[in-house]
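Student: Quick one, structure for this:
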Amino acid sequence: MHYTELAEADQIFALEQVIPGVLKQYGIEARAIENVNHGYNSSFKVTSVAGREFALRINIAAGKSEPEVAAEMQWLEALAEQEQILASKPLRTLDGQLFTKVFFAELERNFVAVIFEWIAGDEIEDEPTAAQLFELGQNMARLQELARGLSFAGDAFLPKINNTMMNASDFLRAGQPQQLDDKLYGELLAALKQADAVYARLSTADNGQAPLQAIHADLHFGNVIQTEKKLAIIDFDDAGIGLPIQDLAISSYYIREDFEAEKHLKAGFASIAELPQISEQDYELLILGRMVLLVGVVLEATSAEIREFLPEFLRRTKLRLEHFGETGKFLLVK
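Tutor: Numbering: from 1, shown residues only. Alright, predicted model coming up:
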């Protein structure tokens, strides 16, 4: 049976077989290994025999090059040296590398694996408080300020992501996926074209936006840990060179059950830096574009849970497109 047809527990078991080889390159002997997230990538909590805790991420999602991973890890190393933002601190292998590679026979390709120091706390997920939203907005602004002028060693680089599909494959323009009916396919193509037009216009020199810079590009509350003292930011896997307004639009997508939560997020950002100027219509199109990207990500996912969720996700996508067409506003209609 092909990996994509396996149940989630069997997929995780298959990945666990390569973990000892990864840990050996970091000089870590595991006492316990626990999967904590299996989706676009797969993450494990590793407890060593010495009692130290680590986070291991195996990049099962295709598309990220080794120089891009190196840039992500260099950025995180730089963040570890400052005190304003708490973020994942990467480890280097025994020979000084920021990541390692592992061959995964079930998918017949090499995966990149990275290890971080474990951050103790709780994922916030779907119910952030007003205070947590405010603090996330502050962290977003601080992160952008610290990233200005960021440079990388060697051949490391962050990809340009100032477009709707960012660093993902352009699944729509490549042809109609079999899972999409003609109506949905046409509507998604139209949304992609509109969102891309906004990105192109905002990326010009006279658009009034700040210059392109390194951004996290995935600041939702599944990537935020509430520690005893403050929020910690994890998962820079989607980081790239983009527009500062992108971070806000991407975060807004995930909290658009209504329009109240977003006010706290923006207020937190504005307490640190000036909010990027953008028209309401353009902002809504950027949020809509996030949904278009996620349709492609879900269609290409190998995770059993995500593949099972696909029909429901497409049903909700149709409702959200319908609502947007009627109101010009994006809402997470279910």
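Student: which of the residues in stretch 108-120 are buried?
Tutor: Phe111, Val112, Ala113, Val114, Ile115, Phe116, Trp118, Ile119 (16 or more other CB atoms under 10 Å). To be clear about C-beta, it is placed using only N, CA and C from the backbone, and glycine gets the same treatment.
Student: Can you tell me which of these is nearest Gln176?
Tutor: Among these, Phe111 lies closest to Gln176 (CB to CB), at 29.3 Å.
Student: which phi and psi does that closest one have?
Tutor: phi -110, psi 150 (degrees, to the nearest 10).
Student: Pull the number of nearby residues for Leu332.
Tutor: Leu332 has 16 neighbours, counted by other CB atoms under 10 Å.
Student: rewinding a little: so of the buried residues of stretch 108-120, which two are at opposite extremes in space?
Tutor: That would be Phe111 and Ile119, which, of these, are the farthest apart (CB to CB) at 22.7 Å.
Student: and the residue nearest the centre of the chain, what does it touch?
Tutor: In the chain, the centroid-proximal residue (CA atoms, centre = their mean) is Asp218; its distance is 3.8 Å. Asp218 is in contact with Asp235, Phe236, Asp237, Asp238, Ala239, Ile250, counting by CB atoms under 8 Å, 6 or more residues apart in numbering.
Student: now do Phe259
Tutor: Residues in contact with Phe259 (CB under 8 Å, 6+ apart) are Lys329.
Student: hang on, the earlier thing: from the contacts of Asp218, which would you call buried?
Tutor: Judged by 16+ other CB under 10 Å, buried ones among the contacts of Asp218: Asp235, Phe236, Asp237, Asp238, Ala239, Ile250.
Student: Need the CA coordinates for the top helix by length along the chain. CSV is fine.
Tutor: For the chain, the helix with the greatest residue count under DSSP state H is helix 304-327. Only the C-alpha atoms of helix 304-327 are listed here, as CSV (Å, rounded to 0.1, in the frame of the first residue of the first chain):
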residue,chain,number,x,y,z
ALA,A,304,-4.0,10.9,5.9
GLU,A,305,-6.0,13.3,8.1
ILE,A,306,-5.7,16.2,5.7
ARG,A,307,-6.7,14.0,2.7
GLU,A,308,-9.7,12.8,4.6
PHE,A,309,-10.7,16.4,5.3
LEU,A,310,-10.4,17.5,1.7
PRO,A,311,-14.1,17.0,0.7
GLU,A,312,-15.2,19.1,3.7
PHE,A,313,-12.6,21.7,3.1
LEU,A,314,-13.8,22.1,-0.5
ARG,A,315,-17.4,22.4,0.6
ARG,A,316,-16.4,25.2,3.0
THR,A,317,-14.4,26.8,0.2
LYS,A,318,-17.5,27.0,-2.0
LEU,A,319,-19.4,28.7,0.8
ARG,A,320,-16.6,31.2,1.5
LEU,A,321,-16.3,32.1,-2.1
GLU,A,322,-20.1,32.6,-2.3
HIS,A,323,-20.0,34.9,0.8
PHE,A,324,-17.1,36.9,-0.6
GLY,A,325,-19.0,37.3,-3.9
GLU,A,326,-22.0,38.6,-2.1
THR,A,327,-20.3,40.9,0.5
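Student: If we go by neighbour counts, what in it is buried?
Tutor: Buried residues in helix 304-327, counted by 16+ other CB under 10 Å: Ala304, Ile306, Leu314, Thr317, Arg320, Leu321, Phe324.
Student: Listing partners with orientation, what would you give for the lowest-mean-pLDDT helix or strand in the chain?
Tutor: Lowest by mean pLDDT, DSSP states H and E among the helices and strands of the chain is strand 122-123, with a mean of 88. Sheet pairing for strand 122-123, assigned by DSSP bridges, gives strand 224-226 (antiparallel).
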